[in-house]
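>>> I would like to see how this sequence folds:
(2 chains)
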There are 2 protein chains.
Amino acid sequence: MTEERESQKIEELLERLESAYPSKEDLKKALNSGKKLTIYNGIDPTAPFLHLGHSVNLFMLKRFQDLGHKVILLIGDFTAQIGDPTGKDKKRKTLNKEDILKNYQTYQEQAGKIINFKGKNRVDLRFNSEWWEKINSKEFLKILSFFTVQRMLERDMFKKRQEGKKPIWLNEFVYPVIQGYDSVAMDVDIEAGGSDQIFNMLVGREMMKFYKNKEKMVIAWPLIASEKGGKKMSKSEGNVIALNDSPDEMYGKTMSLSDEVIVPIFRLCTFLKNQEIEEVKKISLRDQKARLAKEIVKIYYGEEEAQKAEKEFDRIFREKKSPSDISKFSLKEKTINILDLLVVTKFSFSKSEAKRLVLQGGVSLNDEVQKDWQKIIKIKSGDILQVGKRKFIQIK
Amino acid sequence: MTEERESQKIEELLERLESAYPSKEDLKKALNSGKKLTIYNGIDPTAPFLHLGHSVNLFMLKRFQDLGHKVILLIGDFTAQIGDPTGKDKKRKTLNKEDILKNYQTYQEQAGKIINFKGKNRVDLRFNSEWWEKINSKEFLKILSFFTVQRMLERDMFKKRQEGKKPIWLNEFVYPVIQGYDSVAMDVDIEAGGSDQIFNMLVGREMMKFYKNKEKMVIAWPLIASEKGGKKMSKSEGNVIALNDSPDEMYGKTMSLSDEVIVPIFRLCTFLKNQEIEEVKKISLRDQKARLAKEIVKIYYGEEEAQKAEKEFDRIFREKKSPSDISKFSLKEKTINILDLLVVTKFSFSKSEAKRLVLQGGVSLNDEVQKDWQKIIKIKSGDILQVGKRKFIQIK
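Numbering: from 1, shown residues only, chains lettered A, B, ... in the order given. Modelled structure (predicted):
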């Protein structure tokens, strides 16, 4: 890599960060020093799939990997195993080690499309149970003793819960300190994450001063806002483009994103360089979205699938035709309740879910919306049942 | 023991309690049930001596012992070993195991005057390091998960610190939960302590419900107010009658207690029964104090020493004579600074302490108060140096 290209890469990296501690200048200096840096990003292994919000992490880490730095992915398996035994607060669910490893396999499969899990400068995979299972209560209390209650209560999430008179359980309350100690255990140079992690990452920065007398840097990138009203895209908000969505779903969901997130997603969730993004900005919004949708499908499924998804989308939504690969379903019954129909065709897991779909106006038979969930329908061969915008089935 | 005497003992015990949870009625029922109960009292082993405030605990526990119940004294050696490594808050000092055991020997020697450390129903001595050293971080987090931040902040001491913008360190913050788990580890029926321990003891009561589905009772006795303005008598308030004070000191300090604490101390720190205390109330306050002073010296040094202390006190304060056993001190110097004199005669450990004594008007030479700490004094053989009310030395 020529020096010019490297400094360009560093610029593109820095410019995509939301903030850095002590400062972006310090980070720039470190990146230009020629020293190989160790950067870590923590993963909460509580979901069995990744979404576009996670991919921001992977693209940012990829930039460090490309510059020759060492990237550690830390699976928070210890912390994920700690649930709330009182059952009064379901915020964090308990996972056993088996679930976590299973989730992680999916994770690696999907993340491997972006960062290198193989080869010379591959990702170093760590699990925080490695050290936490050895820490006894005395050491734990020592770790706690570096921080005050007041400091923890500065955290946004805790502040809100306190103001809203919602319980903050003590095991959740010490979470930032537990995460902070992970930096010490791995002796990293940089901790990186989304901007909602800044508080926890800064606790780790202080912890590194206490334990190692070392200035750990903290860097934070922006969160991708969802299509619906600026909320962070995440599992718990339920507004996700999953990295294991089918090419058609992925394409369609991207096309329905709100206008203002298109450029940020180009910047943070694709391989496009700044200059290319500048070019994209010149085309129409509709075309920008189509370009982004295709780009994203390409990353996870390759060029061919991306083209197919594009064609399929255009066929349905531009030409208003039913999809070409519509599946057929054999139904014995001649008359059936609409909810039972949705369940036997596997569009719904349950009748209650089916009822919700019907009441929301998401179910059509031969282009006619079905709003009466108690209705008994007469079915004939060739009828087309449609759920949402992109799911079809033909009865035979 | 006849039944009548036993029910009398139970009444005297109940009537000396400040509060009981769930209620005094429940405690009474349990005490009358014939079941042998296990009652525990925790000791913070951070001071090398006991004082009259501690003796309340011992007398109350003695009452349970006399009724045939099992008394556990728990030495908080684990918790005492946890200091504050940041050095920003000196509230609790760190002790090593050796110091703790040394303190405990003194403790047993002094406490043995009141409760039985030997014989059939002797005190069961436990150390909380026994279980805490085996608790790992995962179990610790589980223990924490039963309680909320909001609950902990209800504790008086934490509330005050928060309002006063003083730091509450996380290791201190989880202290009630740690103490609470001790009840679980020992599977006790009752936790007992001074009324300033109610919060912590109730945390332990809840913990017992979570872990053992058991209704641990909590009982609290009153704190002895000090002579100076109603503050609790304790090490940190510096207003103590130590159980290892000399008979003369013990007698003299008791005589200078404020009027309103005399009856409470009779009730809580002597072997006198209610009926005897009623008799004592009929005599003059001066005589009540003398009776109390003699009673206390008798408990720790026996009848003979108590009589000697009484005579000595009367000689000095009633007959205004110097004490009969005044020590002699050989001084080479003919002129000496007042502070140096206090240091060489061992009345003070340091010149700064000596200066404080002088400025407070506590130092006299031949009955003349010395208020100028810079003064150079001429000394001749036979001069009497006096510090406070009861310390004398004769220069020879």
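>>> A:Ile10 is in contact with A:Lys29, isn't it?
No. In this structure, A:Ile10 is not within contact of A:Lys29 by Cβ atoms under 8 Å, at 10.6 Å. Using the backbone N, CA and C atoms, a C-beta is placed for each residue, glycine as well.
>>> so which of those two has more stuff around it?
A direct count of neighbours by other Cβ atoms under 10 Å in any protein chain shown for A:Ile10 and A:Lys29 places A:Ile10 higher, at 16 against 10.
>>> so who does that one touch?
A:Lys28, A:Leu31, A:Asn32, A:Leu67 (Cβ atoms under 8 Å, 6 or more residues apart in numbering or on different chains).
>>> got JSON lines for these, with neighbour count too?
Listed next are these as JSON lines, based on neighbours: other Cβ atoms under 10 Å in any protein chain shown:
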{"residue": "A:Lys28", "neighbour count": "16"}
{"residue": "A:Leu31", "neighbour count": "21"}
{"residue": "A:Asn32", "neighbour count": "11"}
{"residue": "A:Leu67", "neighbour count": "16"}
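>>> ok, A:Asn96 - how many residues close by?
A:Asn96 is flanked by 11 other residues according to other Cβ under 10 Å.
>>> kindly report the same for the one 5 residues further on.
Burial measure for A:Leu101: 14 neighbouring residues, criterion other Cβ under 10 Å.
>>> stretch A:37-50: how far from the chain's middle?
10 Å (Cα atoms, centre = their mean, to the nearest Å).
>>> and the strands in chain A?
A:19-21, A:38-43, A:70-75, A:124-127, A:190-194, A:217-221, A:327-329, A:335-337, A:363-365, A:368-369, A:376-378, A:384-387, A:391-395 (DSSP state E).
>>> other SSEs contacting the longest helix seen in chain A?
Ranked by residue count and defined by DSSP state H, the top helix of chain A is helix A:285-301. Helix A:285-301 sits against helix A:247-255, helix A:262-269, helix A:274-281, helix A:303-317, with contacts defined as 3 or more Cβ pairs under 8 Å, 6 or more residues apart in numbering or on different chains; DSSP states H and E.
>>> low-confidence ranges in chain A?
Counting by pLDDT under 70, chain A contains low-confidence ranges at A:1-4, A:47-48, A:81-95, A:225-239, A:318-325.
>>> quick check: residues of it near chain B?
Residues of chain A found near chain B (Cβ under 8 Å from any Cβ of the partner chain) are A:78, A:81-86, A:132-133, A:135-142, A:144-150, A:152-153, A:158, A:162, A:165, A:167-171, A:173-174, A:177, A:210.
>>> can you map out the helices along the stretch 51-200 of chain A?
A:52-66, A:77-81, A:97-111, A:129-132, A:137-144, A:149-153, A:156-163, A:170-173, A:175-186, A:198-212 (DSSP state H, counting those that start in this stretch).
>>> other residues contacting stretch A:154-168?
Stretch A:154-168 is contacted from outside by A:Lys88, A:Asp89, A:Met152, A:Leu153, A:Phe173, A:Pro176, A:Phe199, A:Asn200, B:Thr148, B:Val149, B:Gln150, using Cβ under 8 Å, 6+ apart.
>>> buried residues of it, list them for me.
Residues A:Arg155, A:Phe158, A:Arg161, A:Pro167, A:Ile168 are the ones in stretch A:154-168 that count as buried (16 or more other Cβ atoms under 10 Å in any protein chain shown).
>>> can you flag which of the contacts of A:Ile10 belong to helices?
A:Lys28, A:Leu31, A:Asn32.
>>> residue contacts, the second one?
By Cβ under 8 Å, 6+ apart, the contact set of A:Leu31 is A:Ile10, A:Leu13, A:Leu14, A:Leu37, A:Leu67.
>>> distance to A:Asn121 added to the helices and strands packed on helix A:285-301, as JSON lines?
Below are the helices and strands packed on helix A:285-301 laid out as JSON lines (distance: least, Cβ to Cβ, whole Å):
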{"stretch": "helix A:247-255", "distance to A:Asn121": "29"}
{"stretch": "helix A:262-269", "distance to A:Asn121": "22"}
{"stretch": "helix A:274-281", "distance to A:Asn121": "24"}
{"stretch": "helix A:303-317", "distance to A:Asn121": "26"}
